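A.B. asks: structure for this input, please:
(chains A and B)
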Amino acid sequence: MVPREFSSLIGKDLLGTFLFAGGFMMDERQTVANALSKALPDLSTEEILNKIERPKDEKNGDYAFPTFFLAKTLHKAPQLIAKDLVAKVDQEGFEKVVVAGPYINFYLDKQAVAATILQTILQDPENYGGQNIGHLANVAIDLSSPNIAKPMGMGHLRSTVIGNAIANILAKVGFNPIRINHLGDWGTQFGKLMAAYEMWGDEEAVKKDPINTLQKYYVRINTEADEHPEYADAGRKWFKKLEDGDPEARRLWKWFRAASLSRFMKIYQMLDIHFDSYNGEAFYNDKMPEIDQLLADKGLLQESRGAKIVDLSQYNLNPALITKSDGSSLYMTRDLAAALFRKRMYGFAQALYVVGAEQRNHFDQLKAVLAEMGFTWSKQIHYIPFGLMSLNGKKMSTRKGNIVQLEDVLNDSIKLARQQIAEKNPTLANADEVAKQVGVGAVIFHDLKNERTNSIDFKLADVVKFEGETGPYVQYAHARAESILRKAGQPDLKNVAIHLNGDEAWGIIKRLGQFGEVIERAAAEYDPSLIGKYALSLAKDFNQYYAHNRILVDDEGRESRLALVQAVSDVLKSALALLGVKAPDEM
RNA sequence: GGGGGGAUAGCUCAACUGGAUAGAGCAUUGGUCUUCUAAACCAAAGGUUGUGGGUUCGAUUCCCACUCUCCUCACCA
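C.D. replies: Numbers count the residues shown, from 1 in each chain, chains lettered A, B, ... in the order given. You can find the predicted model right below:
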């Protein structure tokens, strides 16, 4: 069966591949459905499955079946239906099945479920929660995409870490992600920068500190352009020269690009994020004439106010501007060329664009134009917007200098992590490396824990917080687990018989069992925050268990508890890895 | 004005896609380290889910209207 929500969220092309392929809790849900279907012969298993829910409150069991919807057809009160029904339900394999008002509550066999889940994790921790529904199909992901000659701000962090996490998640369910850094190394803004350099440029200063110096020029020409309209013209002229292959323009372009990129690489190194392609906008410069030709052949191009446009009124969209009145290209033109190139190059099953929500209109247009061109694969393109990052309630803007540099935030966070280690764990061996993992992890996690489309007002104190619902909280739970395993001598737990008594561990067991479902949903909805929330919940479950149970005591439950600890450690590490966050063994 | 998001505890956010008493973190108040890392745990307090209608056995969730707010509406990306 394909859950309803998935069908609306993924392209129809993939619908067939997104099937539930297992995971223990899904099997348990199926078991519940089977038990019910004997008592409800008139309903299909699928109908029953859709009604089964997980109670919020643990005291109501592990699964529940509400009977309200049967009241009409059976002409009976729900409470009565539940009472009659439970007598007919096959209770084999459950701890108990009981009536609670209009609900039938199912309690799983804790011993058996715990043994299955823990053993599965310990046998193959790397692959736990993963599956192969992607069949290694390529997924092109457009992410990060900073602009050359501008510092990378917190806004770009979002695209970078969200895109990277989605890539990781898709890989986990069997797709082959291709990370493409579509550098902003082209366009009129670039012409403006060259015009500014021509007027005020100091070669030595640029060489010394390329990004900040170039940014100064860029800000200056933009602020002064109001009084000097000729600056904007100069910028357009320089861009035209660049597009026409003027040697000086090319020289400047190469120089600015290389200098900026080397600076960006420093940040990507800190984040430990790697790309399969750095083909930016410039790369598509020689691929645009084909787009122009294809559009002309289809009779889609129209003249309007001296520019060439594609009319999209039948899509209820504004016209897409393809060529400016001075003959130079636009963002749209390049994105069309890029889409076609990526389809040919990678034969993608999906192409994702992790770009801010303010560009929704652009991507609607892009898909519409591709559809008009007759490319049926335009349906495989998924725009993945994320909420705006503002500063003091206002939109961040390089031109207005209203920006927070990512590098500064990362460094602040690492510094703070280093201080905390000095206080709390002064004998830690590789303190600098761990500080980096914790500091960077906090920043990444902060950006990923909430729903993608929420807008965020930047507050440093929130980003570098290490307590409560944060990356370091999850890392800490993992480090505690590892610490116990270290003290126990890293025992081999692959084949231990599991005997966990008491209900203390049951919450953890259930959570561990849900990992696969959560990954699957995160993949279908392109939503890393589901993984973040899951990691927090599991870390919290474990911290509670840790506070109330001694693990390293010599009794018959010791090995089982250690197996539990090992499984928690493995899954926490795995969940963090999906988000691009490191899990140090000590901190 | 057109199009698209959003509004839930003082703050930042959840809520299994229509179910049982709307939950966490931060902040506040109090408690827990001679025992596996206190970046932790336990407890108290905190709510007319923006407003008004509607559908339903049942609505934070779906529909309509309104208020407020953010983004966006051709030669930027």
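
A.B. asks: hey, let's count contacts and neighbours off CA atoms from now on
C.D. replies: Fine.

A.B. asks: show me what from the stretch 251-400 of chain A comes close to RNA strand B.
C.D. replies: With the criterion set to CA under 7 Å from any atom of the strand, the stretch 251-400 of chain A comes near RNA strand B through A:281, A:304-309, A:318-321, A:323-326, A:329-332, A:357-359, A:361-362, A:388, A:394-395.

A.B. asks: go again using 6 Å as the cut-off
C.D. replies: Within the stretch 251-400 of chain A, the positions near RNA strand B by CA under 6 Å from any atom of the strand are A:304-307, A:309, A:318, A:321, A:324-325, A:330-331, A:357-359, A:361-362, A:395.

A.B. asks: excluding chain neighbours, what is closest to the residue of the stretch 151-300 of chain A found nearest RNA strand B?
C.D. replies: The nearest approach of the stretch 151-300 of chain A to RNA strand B comes at residue A:187, 3.3 Å away (CA to the nearest atom of the strand). Leaving aside its chain neighbours, residue A:187 sits nearest to residue A:239 (6.6 Å; criterion: CA to CA, 6 or more residues apart in numbering).

A.B. asks: and if you look at residue A:472?
C.D. replies: Counting by CA to CA, 6+ apart, the nearest residue to residue A:472 once its immediate chain neighbours are dropped is residue A:466, at 5.4 Å.

A.B. asks: compute the number of surrounding residues for the one you found.
C.D. replies: The burial count assigned to residue A:466 is 25, neighbours taken as other CA atoms under 10 Å.

A.B. asks: the one 3 residues further on now?
C.D. replies: Here the number of neighbours of residue A:469 (other CA under 10 Å) works out to 19.

A.B. asks: ok, now which ones touch it?
C.D. replies: Shown in contact with residue A:469 (CA atoms under 8 Å, 6 or more residues apart in numbering): residue A:536.

A.B. asks: now it. Its backbone dihedrals?
C.D. replies: Taking degrees, to the nearest 10, you get phi -80, psi 80 for the backbone angles of residue A:469.

A.B. asks: re the thing from before, what helix or strand is the residue nearest to residue A:187 on?
C.D. replies: Under DSSP states H and E, the secondary-structure element containing residue A:239 is helix A:229-243.

A.B. asks: just the buried residues of that helix, please?
C.D. replies: Across helix A:229-243, burial judged by 16 or more other CA atoms under 10 Å covers A:231-243.

A.B. asks: what sits up against the helix or strand harbouring residue A:119?
C.D. replies: Secondary structure assigned from DSSP H and E places residue A:119 in helix A:110-123. Outside of helix A:110-123, the residues that reach it under the criterion CA under 8 Å, 6+ apart are A:24, A:95, A:128, A:493-495, A:497-500, A:506, A:509, A:512-513, A:563-564, A:566-567, A:570.

A.B. asks: can I have the buried ones of the residues you listed as a PyMOL selection?
C.D. replies: Selecting in PyMOL just the buried members of these, where the criterion is 16+ other CA under 10 Å, is done with this command:
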select buried, chain A and resi 24+128+493+498+499+500+506+509+512+513+563+564+566+567+570
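
A.B. asks: so which of the residues of the stretch 251-400 of chain A next to RNA strand B belong to strands?
C.D. replies: Among these, the subset assigned to strands under DSSP state E consists of A:304, A:307, A:309, A:321, A:395.

A.B. asks: save those as TSV, and put in distance to residue A:178 too.
C.D. replies: Listed next are these as TSV, based on distance: CA to CA, whole Å:
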residue	distance to residue A:178
A:304	38
A:307	35
A:309	31
A:321	29
A:395	30
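
A.B. asks: so how far is residue A:149 from the residue nearest to residue A:187?
C.D. replies: Computed with CA to CA, to the nearest Å, the distance linking residue A:239 and residue A:149 is 15 Å.

A.B. asks: again with residue A:216
C.D. replies: The gap separating residue A:216 from residue A:149 is 10 Å, by CA to CA.

A.B. asks: comparing these two, which shows the higher neighbour count?
C.D. replies: Comparing residue A:216 with residue A:149 by neighbour count (other CA under 10 Å), the higher total belongs to residue A:149, at 28 against 19.

A.B. asks: what's the spacing between the closest residue to that one other than its chain neighbours and residue A:537?
C.D. replies: Residue nearest to residue A:149 in three dimensions, not counting chain neighbours: residue A:211, with 5.2 Å by CA to CA, 6+ apart. Look at residue A:211 and residue A:537: by CA to CA, they are 41 Å apart.

A.B. asks: all the strands of the stretch 451-587 of chain A, residue numbers only.
C.D. replies: For the stretch 451-587 of chain A, applying DSSP state E, counting those that start in this stretch gives strands covering A:456-458.

A.B. asks: actually, the stretch 51-200 of chain A.
C.D. replies: Ranges of strands in the stretch 51-200 of chain A, per DSSP E, counting those that start in this stretch, are A:63-66, A:94-100, A:103-108, A:138-143, A:176-181.

A.B. asks: ranking those by burial, who's on top?
C.D. replies: Highest mean neighbour count among the strands of the stretch 51-200 of chain A (mean count of other CA atoms under 10 Å): strand A:138-143, with a mean of 25.

A.B. asks: how far off centre is that strand?
C.D. replies: 12 Å (CA atoms, centre = their mean, to the nearest Å).

A.B. asks: related to what we said a few turns ago, need the contact list for the residue nearest to residue A:472.
C.D. replies: Applying CA under 8 Å, 6+ apart, we find residue A:466 in contact with A:442, A:472-473.

A.B. asks: tell me the one of these nearest residue A:178?
C.D. replies: Sorting those by distance to residue A:178 puts residue A:442 at the head of the list, at 25.6 Å, by CA to CA.

A.B. asks: neighbours of the spatially closest residue to residue A:386 that is not a sequence neighbour, how many?
C.D. replies: If the residues on either side of it in the chain are set aside, residue A:386 comes closest to residue A:453, at 4.3 Å by CA to CA, 6+ apart. A total of 14 residues lie near residue A:453 under the criterion other CA under 10 Å.

A.B. asks: got it, and residue A:37?
C.D. replies: Under the neighbour criterion other CA under 10 Å, residue A:37 is assigned a count of 21.

A.B. asks: from what I can see it touches residue A:47, true?
C.D. replies: No - look at residue A:37 against residue A:47 with CA atoms under 8 Å: they stay out of range, at 9.7 Å.

A.B. asks: tell me where the model's unsure across chain A.
C.D. replies: Under the criterion of pLDDT under 70, the regions of chain A flagged as low confidence span A:1-26, A:501-502.

A.B. asks: care to break it down by domain?
C.D. replies: What automatic domain parsing lists as the domains of chain A is A:4-108, A:138-282+A:330-395, A:406-579.

A.B. asks: how about the ones you listed in CSV, adding distance to residue A:290?
C.D. replies: Converted to CSV, these look like this (distance: least, CA to CA, whole Å):
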stretch, distance to residue A:290
domain A:4-108, 27
domain A:138-282+A:330-395, 8
domain A:406-579, 32
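
A.B. asks: chain center to the helix ranked longest in chain A: distance?
C.D. replies: Of all the segments of type helix in chain A, defined by DSSP state H, the longest one is helix A:247-271. Helix A:247-271 has its average C-alpha position 26 Å from the chain's average C-alpha position, going by CA atoms, centre = their mean.

A.B. asks: also stretch A:472-489?
C.D. replies: In terms of CA atoms, centre = their mean, the gap separating the centre of stretch A:472-489 from the centre of its chain is 26 Å.

A.B. asks: equivalent analysis for stretch A:94-106, please.
C.D. replies: Averaging C-alpha positions (CA atoms, centre = their mean) puts stretch A:94-106 37 Å from its chain's average.

A.B. asks: same thing with stretch A:204-220?
C.D. replies: Centroid separation between stretch A:204-220 and its chain, computed with CA atoms, centre = their mean, is 33 Å.

A.B. asks: and if you look at stretch A:441-461?
C.D. replies: Computed by CA atoms, centre = their mean, the chain-centroid distance of stretch A:441-461 equals 12 Å.

A.B. asks: do that stretch and RNA strand B meet at all?
C.D. replies: Yes - against RNA strand B, stretch A:441-461 shows contacts by CA under 6 Å from any atom of the strand at A:450-451, A:454-456.

A.B. asks: what does that stretch rub up against?
C.D. replies: For stretch A:441-461, with CA under 8 Å, 6+ apart as the criterion, the contacting residues are A:158, A:161-162, A:357, A:385-393, A:409-410, A:413, A:462-466, A:470-472, A:527-533, A:579-582.
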